[in-house]
Every structure is written in structure tokens, then in C-alpha cells.
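Trainee: predicted structure and sequence below. I'll ask about it afterward.
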Amino acid sequence: MQRREAVRREAVGTYSCEQCGHPLSPEYKFCPACGTPRKGVSYVRRVSTGNQAIDEILEGGFESGKTYLLAGEAGTGKTIFSLQYLLYGAKNNEPGIYVTIDERPEMLVRDVRNFGWDLQPLVETRKLAILPVRRYFTSKMWGREMDAIVNNIIEELDKRRREIGAKRLVIDPIAPLVTTYSNEVAWVREYIRSLIFSIEEKLGVTTVITSEVPTGENMMSRYGVEEFLASGVIILSISRVGNSIIRTMFIRKMRWTAVNPIIYRFEIERGRGIVLKEPLS
């Protein structure tokens, strides 16, 4: 009997539940005794944010195929964060699409080069596509019903996705795809809902949308619906600490990820982008 029990324990292995101590076999993802997830086991495919420190906080990064909201006032680093996310993907066999407000691609490439990032080789090798809103989307949406507008946007994005094999998408910011057509709150919110759901269902890319919130306002998004539809919300801020002005990052929401409500200080460094520093006490 003792021999049989020893063999059983050896077969189970050395894993045990951190909560109740129950022995776990390697294939267990949850403790059969108390239901606690086994630490270190990933249940979904994660996509790197392009920042190792943030990936560690998010248990590996973003969940593949989901949409994430990056919100903040002007000057908080939303575009830098977004491009850092796309650059990492482009260099690691995950091409991306960058939808920008109306800046010409050549001007964006020039400005970003001054920051220390060279986008041109990535564009030339089809690792990155830059789509200005005015050129690719505006004419497709005037005077049409909501479903037709969303379908036209998705068709254009899907065309580019297939051309370069895109796995990542950034819409920076989402407002130009909205305010051109209607200012009615209910219409706008349903439109954003339809757009986000269609991106996830039909494109299968991992998406970052940015939203600029008015200075001094206690908001997470411009239209008040993006934060509910997104799988995660990262808020970038500029704060005063004593006599200093600092940039901070707060992960307000990250679905199915154990993230502590901690505010981190970060800096923007040329050629590196977002560099996470210490948590604020």
C-alpha cells in the first residue's frame, strides 16, 4: 500500500497548489481541490507589447486577437507606445498596420527617424503599412448607413492585412473614424461597438486604439464606451510630484489578468520609447 502511494506521488510530480497545498500533475491548469489556477500556466496566446517590463506586469502581454485602449491627455506618449508595439511586431514576424489621423506616411517616417526609429525599411519590406485616415477611409463613409461604413473600413483594413500578413493593428486615435459622421452619442457608441467587434471577428489582429481625453477631465475615453468594449485599458498621464512633472502609467483594466492597481512612473527615451521606472508609493 505504501509502495503504491509512493508511485502515485512520483507520477503526480512536484507541482502543488499555492493556495491549499494539494499535489498537482503537470497537465493540471487548476487545482482540483480548491479551483486555484496553477501559477505560471498560460491559457491564452499572448502578444508582446514591445516593452518587456510591461509584458511582465501583464503576464506576457496582450491577449491575441483582442482590442486594447490606450488613453491619455495630449503629450502623454500614446503614439510612442503604439509605434513601439508595432516596431516590435515588425521585427519579430508580426507585421502591423498603423492608421494615423491624416499625417502623410513620408512625414511620419521622417519625424520618427529623428526620434531614433527607422520605419522606412519596415514599410519597404511589407512589415508595416501606414494608412492615413483621409486618404483611405474618409471617402468611403460619407452619406452611408452605419453597417456600410463599418464594412467599408473593415474591407480596407482586411485588404492591407492580407497584403502584408498583418497580425497587429493600431488606430491612433480612433476619433477621426467617428466624428466625421455623427455627433449623436447613441449613434457614436453603437458605431464604435460595431467597429471593434468587426475588427476582432473578421480580422483576427491584436489591436491598440488610442483615445485623447480632455486635459483635466476624469475620463478614460472620448466617447465613454471604448473602455467597456476593450479587453484592457492603459491610462497614460502627466502628474505633478513635488516640484517635478512626471509621466505615469496606470493599468486600469486587463481582462482575465491579475494586475495590481499600481501607478508606475515612466520616461520616454530616444531610440527606446517607453521606459518603465519605479512604482509610485
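Mentor: In hand now; what should we look at?
Trainee: how many neighbours does Ala258 have?
Mentor: Residues lying near Ala258 (other C-beta atoms under 10 Å) number 10. Bear in mind the C-beta positions are built from the backbone N, C-alpha and C, glycine included.
Trainee: can I take it that it is in a helix?
Mentor: No. Per DSSP: H, G, I helix; E, B strand; the rest coil, Ala258 lies outside any helix segment and is coil.
Trainee: excluding sequence neighbours, find me the nearest residue to it.
Mentor: Nearest non-adjacent residue to Ala258, counting by C-beta to C-beta, 6 or more residues apart in numbering: Glu59, 7.0 Å away.
Trainee: tell me how many other residues surround the one you found.
Mentor: Neighbours around Glu59, by other C-beta under 10 Å: 17.
Trainee: specify the local secondary structure of it.
Mentor: Secondary structure, three-state DSSP: Glu59 is coil.
Trainee: got the phi and psi for it?
Mentor: With angles defined as degrees, to the nearest 10, Glu59 sits at phi 60, psi 40.
Trainee: equivalent analysis for Ser194, please.
Mentor: With angles defined as degrees, to the nearest 10, Ser194 sits at phi -60, psi -40.
Trainee: surely it touches Ile153?
Mentor: No. Judged on C-beta atoms under 8 Å, Ser194 makes no contact with Ile153 at a distance of 9.9 Å.
Trainee: more crowded one of the two?
Mentor: Per other C-beta under 10 Å, whichever of Ser194 and Ile153 has more neighbours is Ile153, with 22 against 17.
Trainee: measure that one to Lys66 for me?
Mentor: According to C-beta to C-beta, to the nearest Å, Ile153 stands 18 Å off from Lys66.
Trainee: per-residue pLDDT, Glu94?
Mentor: Note on Glu94: pLDDT of 97.
Trainee: nearest residue to it in space, please, no chain neighbours.
Mentor: Using C-beta to C-beta, 6+ apart, the closest residue to Glu94 is Lys167 (4.1 Å).
Trainee: ok, now Gly273?
Mentor: Distances taken as C-beta to C-beta, 6+ apart place Gln84 nearest to Gly273, at 3.9 Å, with adjacent residues excluded.
Trainee: quick check: that neighbour touching Asn51?
Mentor: Yes. The pair Gln84 / Asn51 is scored as a contact, 6.3 Å apart, by C-beta under 8 Å.
Trainee: which residues are common contacts for those two?
Mentor: Counting by C-beta atoms under 8 Å, 6 or more residues apart in numbering, the common neighbours of Gln84 and Asn51 are Gly273, Ile274.
Trainee: please tell me I have it right and the residue nearest to Glu94 contacts Ile97.
Mentor: No. Using C-beta under 8 Å, Lys167 is not in contact with Ile97; the gap is 9.6 Å.
Trainee: the residue nearest to Ala258 contacts Trp256, doesn't it?
Mentor: No. Between Glu59 and Trp256 there is no contact under C-beta under 8 Å: 9.3 Å.
Trainee: thought Leu177 was touching Ile171?
Mentor: Yes. Judged on C-beta under 8 Å, Leu177 makes contact with Ile171 at a distance of 6.7 Å.
Trainee: neighbour count winner among these two?
Mentor: Taking neighbours as other C-beta under 10 Å, Leu177 and Ile171 compare with Ile171 leading, 27 against 22.
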